[in-house]
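Asks: Predicted model follows, preceded by the sequence.
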2 protein chains.
Amino acid sequence: MKLKKQARRDAIKEQLQQNPFMTDNELSDLFSVSIQTIRLDRTYLKIPELRKRIKSVAEHNYKHIRAIEGNEIIGDLIRVEPNVTAESLIYITEDSVFTRNDIARGHILFAQANSLCVALIQKNMVLTRDSQVSFLRQVKLHDTVHAFAQVTDFGKKYITVAVSSYVKDKCVFKGTFKMYYYSEEES
Amino acid sequence: MKLKKQARRDAIKEQLQQNPFMTDNELSDLFSVSIQTIRLDRTYLKIPELRKRIKSVAEHNYKHIRAIEGNEIIGDLIRVEPNVTAESLIYITEDSVFTRNDIARGHILFAQANSLCVALIQKNMVLTRDSQVSFLRQVKLHDTVHAFAQVTDFGKKYITVAVSSYVKDKCVFKGTFKMYYYSEEES
C-alpha cells in the first residue's frame, strides 16, 4: 500500500497513536518504504524512536505503583491496571545473556516477571512468597520480551499472579507468583 | 582465651586454613581481641581480607565448571563437586535491595541459586527448564547469603537440583531446579 508522503505521515501518526510500540521495521513493512524513510517521517512528526516512547509510557505508569520505585522494575511498565493486570517489555542486551551462546539468563526473565508482580499490586509492601516458573523457549540477545501479568486470586494476606512472557508471538516463559502484601491503612 | 601474640597468630593461621571464610568479627570474638588487632595479625601473616579470600577460592573453583563463565556466576563459588554439590556466597549490596526498606530483591536469591545449578553441572550446555522456589525469610542489606546446591536426580536429559540458602543459620530460600543439559561427546 504505497501512499503519498503526507498521507503516509498522517497514517503513521494514527498507527502509533493506536499502537505506540510498533517498531520502525514493522512500519516500513506496513507502508512499503525503507526504514530510513520511516525515520524521516517520525522526525517530521516529532515522534521519538521506539525506546523513548516506551520509556515515556513507563514513566507515565509509575504514578499507579506503590510497592516499588519505577526504576526498580526490571523492564518497562507499558500498561498497568492496579491489582488486576500489567505488562512490561524488556530488551535483551549483552549483560543479560551467556557470553558463549547469547541465550538470555533465566533469572532475567524471572526478574522481569517478579518485579511486574510487585508493580501490579497497589499496596505499600509486597514481597514474593513462592513461585513456580517454566522456561519454554530460548530467548536470545536483542529479543524483546513482553510479559503479561494477571491477578488470579486476591486473598486477605496473599495475592496470586499468573505471568506469561512472549517474544513476538511465541510464549517463552510462564510463572505463578504468590505475593505477600501489607498495607498500613488496613492494619 | 587470651593468647600471647605469636601463639594467637599461629592459631589464627590454623583457624583460617580450616575455615577460610571466618570474618574478622568472628575471629575477634574467638580470640578476645579487637578487630583492629585481628587485622594487624592478618597483615603480619600476609592473609588477605575475607572478600579477597572468597574471590581467590572462587577463582580456583572455576576450573571445575564448564557450562558458564566464572564471572557469570551470581555470587562466589566457594565449593564444587561437579554433578554432585556446590556452594556459593553472595554479599547483599545496595544494588540488590529495595531502596525503601533495604530488603533483598527476590530475583537476586533466585539468580544466586539458578547460576549455582548451572555451575554445578559439568556439561557443555545447561539451561533451566522449570523451577519452584520459596522465599522463607527476609534478607537484608549487608547480609551474606550462603547457598547449598545438591543434585537429587541425574537423568538422561534433565538433572534436578535442590538449593537451600541461609543467612547465618537461618534458612531464607529453598528451591528446586530442573535443568536441561547437553554435552557434545554424548550426542
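Replies: Okay, I see it.

Asks: and chain A, what are its domains?
Replies: A:3-46, A:53-180 (the TED database).

Asks: what's across from residue A:182 in the sheet?
Replies: Under DSSP bridges, the beta-bridge partners of residue A:182 are residue A:125.

Asks: That one touches residue A:158, doesn't it?
Replies: No - judged on C-beta atoms under 8 Å, residue A:182 makes no contact with residue A:158 at a distance of 10.9 Å. No exception for glycine: its C-beta is placed from N, CA and C like everyone else's.

Asks: Can you pull the residues of chain A lying near chain B?
Replies: Applying the criterion C-beta under 8 Å from any C-beta of the partner chain, the portion of chain A that neighbours chain B consists of A:68-69, A:72, A:74, A:98-101, A:103, A:105-107, A:110-111, A:114-115, A:125, A:127-135, A:138.

Asks: Just the buried residues of the residues you listed.
Replies: Burial by neighbour count, 16 or more other C-beta atoms under 10 Å in any protein chain shown: within these this picks out A:68, A:72, A:74, A:98, A:103, A:105-107, A:110-111, A:114-115, A:125, A:127-131, A:133-135.

Asks: wait, is residue A:26 part of a strand?
Replies: No - read with DSSP: H, G, I helix; E, B strand; the rest coil, residue A:26 is helix and lies in no strand.

Asks: ok, which stretches of chain A are helices?
Replies: For chain A, helices defined by DSSP state H occupy the ranges A:5-18, A:24-31, A:35-45, A:50-61, A:106-120.

Asks: Out of those helices, which gets nearest to residue A:169?
Replies: Minimum separation from residue A:169 across the helices of chain A (C-beta to C-beta) falls at helix A:24-31, 13.0 Å.

Asks: tell me what the closest one is packed against?
Replies: Counting by 3 or more C-beta pairs under 8 Å, 6 or more residues apart in numbering or on different chains; DSSP states H and E, the packing neighbours recorded for helix A:24-31 are helix A:5-18, helix A:35-45.

Asks: for those, which one sits closest to residue A:147?
Replies: When the helices and strands packed on helix A:24-31 are ranked by proximity to residue A:147, the top entry is helix A:5-18, at 21.4 Å, counting by C-beta to C-beta.

Asks: now that closest one against helix A:35-45, angle please.
Replies: 80 degrees (axes from the mean of the first three to the mean of the last three C-alpha atoms, to 10 degrees).

Asks: now chain A, which segments are flagged as low pLDDT?
Replies: Counting by pLDDT under 70, the low-confidence segments of chain A come to A:1, A:185-187.

Asks: circling back: mind putting the helices and strands packed on helix A:24-31 in CSV, mean neighbour count included?
Replies: As requested, the helices and strands packed on helix A:24-31 are exported to CSV (neighbours: other C-beta atoms under 10 Å in any protein chain shown):
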stretch, mean neighbour count
helix A:5-18, 14
helix A:35-45, 15
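
Asks: For residue A:142, which of the ones you listed is the nearest?
Replies: When the helices and strands packed on helix A:24-31 are ranked by proximity to residue A:142 (C-beta to C-beta), helix A:35-45 comes first, at 15.7 Å.

Asks: Show residues contacting the closest one.
Replies: Counting by C-beta atoms under 8 Å, 6 or more residues apart in numbering or on different chains, the neighbours of helix A:35-45 from elsewhere in the structure are A:5, A:8-9, A:12-13, A:24-25, A:27-28, A:31, A:48-49.

Asks: Check stretch A:135-147 too.
Replies: The contact list for stretch A:135-147, computed with C-beta under 8 Å, 6+ apart, reads A:75, A:87-94, A:96-97, A:102-104, A:106, A:109, A:112-113, A:116, A:163-167, A:170-174, B:127-130.

Asks: hmm, back to that, with distance to residue B:44 as new columns, can the helices and strands packed on helix A:24-31 be given to me in JSON lines?
Replies: Converted to JSON lines, the helices and strands packed on helix A:24-31 look like this (distance: least, C-beta to C-beta, whole Å):
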{"stretch": "helix A:5-18", "distance to residue B:44": "68"}
{"stretch": "helix A:35-45", "distance to residue B:44": "65"}
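
Asks: any idea how far residue A:134 is from residue A:103?
Replies: 16 Å (C-beta to C-beta, to the nearest Å).
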